[in-house]
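> Fold the following and give me the result.
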Amino acid sequence: MCFINISPKPRKRKQAATGDSGLAPSICCFAKLPQTLPEVAEETVSPSRVRTMKDFENQITELRKENFNLKLRIYFLEDRIQQKFDGPHDDVYRINIELKVELESVKRELQQREQLLRKASRRELGPGWRCEIQRLKEDAEKKVQEVEASLTSRIQLLEEASLGSLTAMRILKGQDNLCEREKELSAEKKNALKRDKTIQGLTLVLKTKENEVELASEIESLKALLAKSGEIGSQAETQKFKGAEGSQELLMEKESLLADLRSQNLTKDTENRKLQRKLKRTEQELSELLLEKEKLGRDLEEARRQKNQSDKTIHDLRNQLEKTQNELAEKEKAIELHYAVLLSDGGQRLQNQELVIARLTDGVAQKDELLQKNKQSLERQNEALMEEKCKKVDLPCLTELSPNYYIYLSIYLSIYLSIYLSEELNTILALRKQLEEGILETWNLRRTLEEQIRDNRKEEDTPLSWSNQTSYMSICLRDQDHRWDCPVDQLSMEELKKKVFGCFFFLLLLLLLLLLLLLLLLLLLLLP
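Here you go, the predicted model:
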């Protein structure tokens, strides 16, 4: 007889190469926990070594420990995921990737186990060991399926939570950008007002410069007058030189006037040059300010355009949010209607079942009363017959009667009573079946309704039904919870069984009494 040696081998856990040294401590500590199934190499399956039942029991305990460790690990992962929802989403994605990697590793290990079990089944093994190996294989497959289902459910929950948080973060980022844009626009408006004030000041400066230009033109006209006066002076000098010597004093006066006019002309020239330089500077500053004004106008238009785009995106997001809220409200209404219909149908069925149970209990009570009445009437008839026989006939007369008469009488009575009792038994059995079917239907209906209520409560814990706390469905469910706290029917299964067994016991007693009567009659007939 051959045996299989399946020795557990320590398993190395594959960690995700994330490159981030600051991984969560709760996830890092899980790397030391054992996984679901220990790896078994092909070389360890040796038919020469005998495995005892103790080895198999040790292996089963190890598998149970590994299952417990996996459940503990899933619990800590759930706790860690709930803590990570408030922080960044990188850890959530990392946990999701690790869970997927673990799922693939568990699948691969299951395939290896199946291959080893197929190789072992091909060899000649005893029937007992084959059954044990098959049982171990089924247990391992069940555990792997449970772990796979739990991991897939956790992955789906993580993905849904990450999607919801991403949408919320996008909306918050859009609002923050909009606030920043509004602040920038207000600052740009203030800067534009300041620049408008500077432009107004520069326009005033330009007006002063224009006045200075007018003054320069007046100075030029004065220069022309001075030139004309110089010409007139030269003509006068020639006339003076030509004329008499008495006009020298007038000429000296004219020269002094010319000197004064020349000095004034020089001062006006210097002032004119200064004013021209100032005018050039103001013109340059004005051109720069105009360029800055154009640039600010373009920036303002760009900011307005971006604000319009952000307003449009926010409007679209709000419309999408309202649409999703409307869809959720419609779904909630549909679910409420569905569960209201289910609850009404369940209540009606329960009422019908209660009515049927009440009718059946009434029928059983009536049958019991009829049986009691029949028993009492039979006892009275037997007593009356015995008294009449004792009065009319003495003991020797009874012996003189033909024995066939008593035999026929006893057979007739036994047949009649057996037929009557068989009919009563059939009716009682039919009633019992009806009662059991009704009770089973009510219990099945109760279980289905309780499962629906549990599912409903689970859905209330999810984010999709946060607003259902005061809805019609929650109120109906609370009413149904209070209803399920009380018993479904006053008549339990044990009481019905007791009543049915009591009826059977009573009928058996009647049969025993009839048999005793028949035996007494036979003894009386057989006595000399």
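> Next, Q366: secondary structure please.
helix (DSSP: H, G, I helix; E, B strand; the rest coil).
> An error on my part: the question was meant for L70.
Going by three-state DSSP: L70 is helix.
> List the buried residues for stretch 509-516?
L510, L514 (16 or more other C-beta atoms under 10 Å). Yep, even glycine has a C-beta here, placed from its N, CA and C like the rest.
> Per-residue confidence, S418, what does it come out as?
Here, the pLDDT recorded for S418 equals 68.
> try the one 10 residues further on
The per-residue pLDDT reported for I428 equals 72.
> wait, is it part of a strand?
No: looking at I428 with three-state DSSP, it is helix, so not inside a strand.
> Hmm, it is touching Q366, no?
No: the pair I428 / Q366 is not scored as a contact, 11.8 Å apart, by C-beta atoms under 8 Å.
> which of the two has more neighbours?
Neighbours per residue (other C-beta atoms under 10 Å) separate I428 from Q366, with I428 holding more: 20 against 10.
> Quick one: residues contacting D139.
Residues near D139 by C-beta atoms under 8 Å, 6 or more residues apart in numbering: I60, L63.
> and the gap between it and K293?
Computed as C-beta to C-beta, to the nearest Å, the D139 to K293 distance reads 83 Å.
> K65 too?
80 Å.
> Counting neighbours around each, name which of these two comes out higher.
K293 (15 against 12).
> Secondary structure element holding that one?
Counting by DSSP states H and E, the element that carries K293 is helix 248-392.
> Show the average pLDDT along that helix.
Here the average pLDDT along helix 248-392 is 78.
> so what does that helix touch, helix or strand wise?
helix 127-242, helix 403-461, helix 472-485, helix 493-526 (3 or more C-beta pairs under 8 Å, 6 or more residues apart in numbering; DSSP states H and E).
> Can you flag the weakest of the ones you listed by average pLDDT?
For the helices and strands packed on helix 248-392, where the average pLDDT is lowest is helix 472-485, sitting at a mean of 45.
> Which positions within stretch 375-385 qualify as buried?
So for stretch 375-385, counting by 16+ other C-beta under 10 Å, buried means L378.
> let me fix that: stretch 364-375
Applying 16+ other C-beta under 10 Å to stretch 364-375 flags V364, L371 as buried.
> hey, C-alpha coordinates of it in CSV?
What follows is stretch 364-375, C-alpha atoms only, in CSV (Å, rounded to 0.1, in the frame of the first residue of the first chain):
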residue,chain,number,x,y,z
VAL,A,364,-57.4,19.3,14.8
ALA,A,365,-59.3,20.5,17.9
GLN,A,366,-62.6,19.4,16.3
LYS,A,367,-61.1,16.0,15.4
ASP,A,368,-59.9,15.6,19.0
GLU,A,369,-63.3,16.5,20.3
LEU,A,370,-64.9,14.0,17.9
LEU,A,371,-62.4,11.3,19.0
GLN,A,372,-63.2,11.9,22.7
LYS,A,373,-66.9,11.8,22.0
ASN,A,374,-66.5,8.5,20.0
LYS,A,375,-64.4,7.1,22.7
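> which parts of stretch 426-438 are buried?
Buried, per 16+ other C-beta under 10 Å, within stretch 426-438: I428, L431, R432, L435, G438.
> got it, and stretch 60-68?
Those would be L63, E66, N67, for stretch 60-68 by 16+ other C-beta under 10 Å.
> Alright, calling it a day.
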